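A.B. asks: My questions concern the predicted model and sequence given below.
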Amino acid sequence: MSQVILPPILPPALYVVAMPIGHRGDLAPRAIEVLSRVDIILAEDTRVSRQILKAVGILTRMISFNSYSEVGKTEKVIESLEKGQSFALISDAGTPAISDPGSFVIKRVIEYGYSVIPVPGPCALTAALSVSGFPAAPSHFFGFLPTRSSARDQELTTALACAGTLIIYEAPHRIVDLAKRLDAKAAGRNVLFARELTKTHEQLIRITAGQCEKWFIDNPDRIRGEFVVVLGPSKIQPSSCELETEKLLAMLARELPPSKAAALTSEITGIPKKKLYRQLTGKSEV
Ligand code: SAM
């Protein structure tokens, strides 16, 4: 099947090609055509991609291109574009540069005046958002939250203050931590845990924040797999005063232990220290 219209000789360009996020049938015909025709595929992990590409008969030369090697290898890509070669960029799953390597090489290729051509397809972000039932606009994508507790808390506070739908990526070993933080900071908000999208154990868990941690703790099997977390818009938009308090609290918490940050914020705003401490840590005891 070839309804894909590509020029007989590919121009020097970087094609950014989406790969399946689970179901191999989601590899698009145009992606197959482009990946068969380019001179070189830049792959996040050549072993992972080789398996998928071999299954559809693609034997194009592949170079490993990941977050460690991206900067170093980019100048070589530019030199090869200058010699007329064409490239495809792929990641292990989904769309390159979406919480994956790629933005550096893409930016450099643009700066050198070569074309960057999207070959769109699977992306966990759009797949989860599309089935969430929450408004897609406005929506805010936060990718992975930081791993350090205070930075994580601060980013989540920033995210929750945004008007609209929120989308977060999370690794299985941190999903319970995120669930716990959502219970503490976003209680009452509608949440979708989109688990193992397009795979055998795909599951869409529609739940209310306040019950998230329990859902995971009740059955540890639920912790397995990949997750996109989508939060529906807040029913109550915080007042600008509340937002300022949250910002102040988060800023102080970056530099100070939670109890000191809560005490100082309480002194400045007049809000009870206990309430601020609970807001910051999810715990009621200071
Ligand atoms: N570039 C990818 C994309 O287009 O979605 C994302 C790569 S990022 C390194 C991996 C994260 O994406 C996972 O931790 C998870 O949050 C999300 N993800 C990827 N595949 C998924 C799937 N099949 N089901 C649910 N989430 C998935």
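C.D. replies: Okay, I see it.

A.B. asks: Run through the residues that contact the closest residue to the ligand within the chain.
C.D. replies: Relative to the ligand, the nearest point of the chain is Gly94 (2.3 Å; C-beta to the nearest ligand atom). C-beta: built from backbone N, CA, C; applies to glycine. By C-beta atoms under 8 Å, 6 or more residues apart in numbering, the residues touching Gly94 are 18-19, 21, 100, 122-124.

A.B. asks: Across the sheet, point out what pairs with it.
C.D. replies: Gly94 has the following beta-bridge partners by DSSP bridges: Met19.

A.B. asks: tell me the pLDDT at it?
C.D. replies: If you check Gly94, the pLDDT there is 98.

A.B. asks: what does the one 10 residues further on give?
C.D. replies: The model reports Phe104 with a pLDDT of 98.

A.B. asks: So what touches the lowest-mean-pLDDT helix or strand in the chain?
C.D. replies: Least confident element among the helices and strands of the chain, by mean pLDDT, DSSP states H and E: helix 240-255 (a mean of 82). Applying C-beta under 8 Å, 6+ apart, the set of residues contacting helix 240-255 from outside is 150-151, 153-154, 157-158, 161, 238, 260-262, 264-265, 268-269, 271, 276, 279-280.

A.B. asks: 10 Å instead, please
C.D. replies: Contacts of helix 240-255 with the rest of the structure, by C-beta atoms under 10 Å, 6 or more residues apart in numbering, involve 148-151, 153-158, 160-161, 185, 236-239, 258, 260-266, 268-271, 276-277, 279-281.

A.B. asks: buried set for that helix?
C.D. replies: 245-246, 248-250, 252-253 (16 or more other C-beta atoms under 10 Å).

A.B. asks: now the angle from whichever strand or helix holds Ile268 to helix 240-255?
C.D. replies: Ile268 is part of helix 258-269 when elements are defined by DSSP states H and E. Per axes from the mean of the first three to the mean of the last three C-alpha atoms, to 10 degrees, the angle that helix 258-269 makes with helix 240-255 is 140 degrees.

A.B. asks: going on from helix 258-269, what's the next piece of helix or strand?
C.D. replies: Heading C-terminal from helix 258-269, the first helix or strand you meet, by DSSP H and E, is helix 273-281.

A.B. asks: which helices and strands sit right next to that next one?
C.D. replies: helix 149-160, helix 175-185, helix 240-255, helix 258-269 (3 or more C-beta pairs under 10 Å, 6 or more residues apart in numbering; DSSP states H and E).

A.B. asks: Output the third one as CSV, restricted to C-alpha atoms.
C.D. replies: Right, the one you point to is helix 240-255. What follows is helix 240-255, C-alpha atoms only, in CSV (Å, rounded to 0.1, in the frame of the first residue of the first chain):
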residue,chain,number,x,y,z
SER,A,240,-5.5,35.8,42.9
CYS,A,241,-4.9,36.2,46.7
GLU,A,242,-4.9,32.4,47.1
LEU,A,243,-2.5,32.1,44.2
GLU,A,244,-0.1,34.6,45.7
THR,A,245,-0.2,32.7,49.0
GLU,A,246,0.5,29.4,47.2
LYS,A,247,3.4,31.0,45.3
LEU,A,248,4.9,32.5,48.4
LEU,A,249,4.6,29.2,50.3
ALA,A,250,6.2,27.3,47.4
MET,A,251,9.1,29.8,47.1
LEU,A,252,9.8,29.7,50.8
ALA,A,253,9.6,25.9,50.8
ARG,A,254,12.4,25.8,48.2
GLU,A,255,14.8,27.3,50.8
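
A.B. asks: What number of residues are in the vicinity of Glu33?
C.D. replies: 18 (other C-beta atoms under 10 Å).

A.B. asks: can you offset everything so residue one is 43?
C.D. replies: In the new count, where the first residue is 43, that last one comes out as Glu75.
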